[in-house]
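Undergrad: Make a model of this:
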Amino acid sequence: MVNSEHTSKQYDVELESVRARVLLMGELVEKQVRLAIDALGSSDIALIDRIIADDHRINALEVGIDESCTRIIARRQPTASDLRMVVMIIKTITDLERIGDEAKIIAFTAKHLAQKKSLSLPRFDKIKYVANLALDMLRRSLDAFAKLDISAVAQIVRQDEQVDEEFRAVIRYLVSFMMEDPRTISSALEILFVAKAVERIGDHAKNMSEYVVYMVKGRDVRHITAEEIEREVRQ
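TA: So this is what the prediction gives:
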């Protein structure tokens, strides 16, 4: 009986340890995105190179957490909510790693644009506005993960719809900019890659919030509307 209780407590410790590492990974990813966006339009090549180099830390965390989850499945054979927890973690770190990749793409683009500083470039205000929306989604999703709180998930889904709309507005703006001054086409296209990376960050953050609903409710809410998610949360 004592041994069984000890095993259960150790199991909880293992799960909480893995969850803590996911949050550490989330903090690093969020920092990478914020720094990459700040680097747009700057000439701080050293900062940009550091952002690119730090991507390996995100990759290492993903590999390490994934291995820990594999060991938990093999040794503990989790069921019910414990199994959903492990599945949520595996899915979440995949999205976090991909957000890290998008941050690296933004940093690479920032470096290219810094090297073209003598050219006329579109303003970055619109990009930074939509990036802040995506960053807020990421913060909310990580908070939902940390607290297993699904109350904000529908709002995160709505924010993703707003990010998508802002992305379309950025495309229209860049097309107009290129038509007015064809010399900026190359740089404007690079900024379009940044906008697409930001839009994907929003998608991944939305996915992460939906995994929390799966963990708490045992219900897959991907591909349904915010209104349907709200009804699911209230049940």
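Undergrad: any low-confidence regions in this protein?
TA: 1-7, 117-123 (pLDDT under 70).
Undergrad: Could you rerun that using 90?
TA: By pLDDT under 90, the low-scoring segments of the chain are 1-12, 39-44, 79, 112-128, 173-174, 176-178, 180-191, 219-220, 222-235.
Undergrad: quick one: the helix or strand hosting V213 to chain centroid distance?
TA: Assigned by DSSP states H and E, V213 belongs to helix 185-217. Distance of helix 185-217 from the chain centroid (CA atoms, centre = their mean, to the nearest Å) equals 7 Å.
Undergrad: Ramachandran coordinates for G41?
TA: phi 80, psi 0 (degrees, to the nearest 10).
Undergrad: surely it meets K116?
TA: No. Using CB atoms under 8 Å, G41 makes no contact with K116, being 10.8 Å away. In this view, the C-beta of every residue, glycine as well, is placed from N, C-alpha and C.
Undergrad: which of the two has more neighbours?
TA: Each of G41 and K116 has its neighbours counted (other CB atoms under 10 Å); G41 has more, 17 against 13.
Undergrad: Give me the distance between that one and I105.
TA: 16 Å (CB to CB, to the nearest Å).
Undergrad: how about the helices in the protein?
TA: Listed from the start of the chain, the chain has helices (DSSP state H) covering 2-39, 45-53, 55-76, 80-114, 125-147, 153-180, 185-217, 226-234.
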